[in-house]
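Participant: Provided below for reference: sequence and predicted model.
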Amino acid sequence: MKELKKVPGGKAAIIAFAVTVLLGAGGSIAVGLWQQTATTTMTVSAAPVWPGDQAVLNCVTSTNPNIKTATLTATPTASGTMTAALKNANGAYGTEYSVGSFPGTLDLGSDTTGVKEALNGAAGTVRLTVTFTGYTRQALVSFAGNGKATCA
C-alpha cells in the first residue's frame with residue numbers, strides 16, 4: 001500500500017475507489033463490476049400419458065343368477081374404445097369385433113354389440129381389449145350357454 005502512495009495520483013485513486021465502493025457512487029456501472037447477472041428460459045412439456053395415470057380394468061361378476069352381465073370398470077376412470085374376440089378351440093383368438101366406445105364402466109352381456117358377433121350364438125371366452133390413449137388393457141369374460149357372463 002505504501003508503494004502505491006508513491007505512485008503519482010495513487011492516493012487519489014485509492015480514495016476514489018474507496019468512495020465508489022463505500023458510498024455506491026458510480027451507480028449501476030460500479031455495481032455491474034461487482035456482480036454478474038444472467039437470465040435463462042426453460043421449456044417443459046408433459047408426456048401425453050403418465051405411468052401413474054394408466055387405468056386398470058376390473059371385472060366383477062354378479063352372484064345373482066338372474067343378472068347375466070359382468071361389469072367392466074376402469075380405475076381410475078378412463079375412456080377408450082373396446083374390441084371383443086372369441087377364444088378358439090386351439091387357444092388363438094378370432095376376429096376382433098368393435099364393441100364401441102368404453103365410457104369407463106360397462107355392463108357386458110352376450111347381447112352386447114361386438115360380444116354378440118364374437119360369440120356368434122355359441123358359448124365361450126371372449127377377450128375384451130380396451131384401447132386408451134397410449135396403452136391397452138385386456139380382460140377375459142366367459143359366457144355360458146345360458147348367456148351368463150363370468151369374469152375369467
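Facilitator: Looks like it arrived, so ask away.
Participant: State the mean pLDDT of the longest helix seen in the chain.
Facilitator: Of all the segments assigned as helix in the chain under DSSP state H, the longest by residue count is helix 10-23. In this model, helix 10-23 has an average pLDDT of 74.
Participant: In this protein, where is pLDDT below threshold?
Facilitator: Within the chain, the stretches with pLDDT under 70 are 1-6, 21-38, 46-53.
Participant: so what does the longest helix of the chain touch, helix or strand wise?
Facilitator: Counting contacts by 3 or more C-beta pairs under 8 Å, 6 or more residues apart in numbering; DSSP states H and E, the secondary-structure elements packed against helix 10-23 are helix 2-6. Quick note: C-beta positions are derived from backbone N, CA and C, even for glycine.
Participant: how near is the closest residue to K148 other than its chain neighbours to V7?
Facilitator: Once its chain neighbours are removed from consideration, K148 has its nearest residue in K68; the separation is 4.8 Å (C-beta to C-beta, 6 or more residues apart in numbering). When distance is defined by C-beta to C-beta, to the nearest Å, K68 is 105 Å away from V7.
Participant: The two: which is more packed in?
Facilitator: K68 (20 against 10; other C-beta atoms under 10 Å).
Participant: Name the SS class of the more buried one, please.
Facilitator: Using DSSP: H, G, I helix; E, B strand; the rest coil, the structure places K68 in coil.
Participant: show me the contacts for it.
Facilitator: By C-beta atoms under 8 Å, 6 or more residues apart in numbering, the residues touching K68 are G109, S110, N146, G147, K148, A149.
Participant: Pretty sure the fourth one sits against L108.
Facilitator: No - counting by C-beta atoms under 8 Å, G147 stays clear of L108, with 11.1 Å between them.
Participant: If you count surrounding residues, which of those two has more?
Facilitator: More neighbours surround L108 than the other of G147 and L108, with 24 against 13 (other C-beta under 10 Å).
Participant: Bridged to the residue lying closest to the more buried one once chain neighbours are set aside, which residues?
Facilitator: If you skip the residues right next to it in sequence, L108 has A70 as its closest partner in space, 5.2 Å away by C-beta to C-beta, 6+ apart. In this entry, A70 is beta-bridged to T61, L108, by DSSP bridges.
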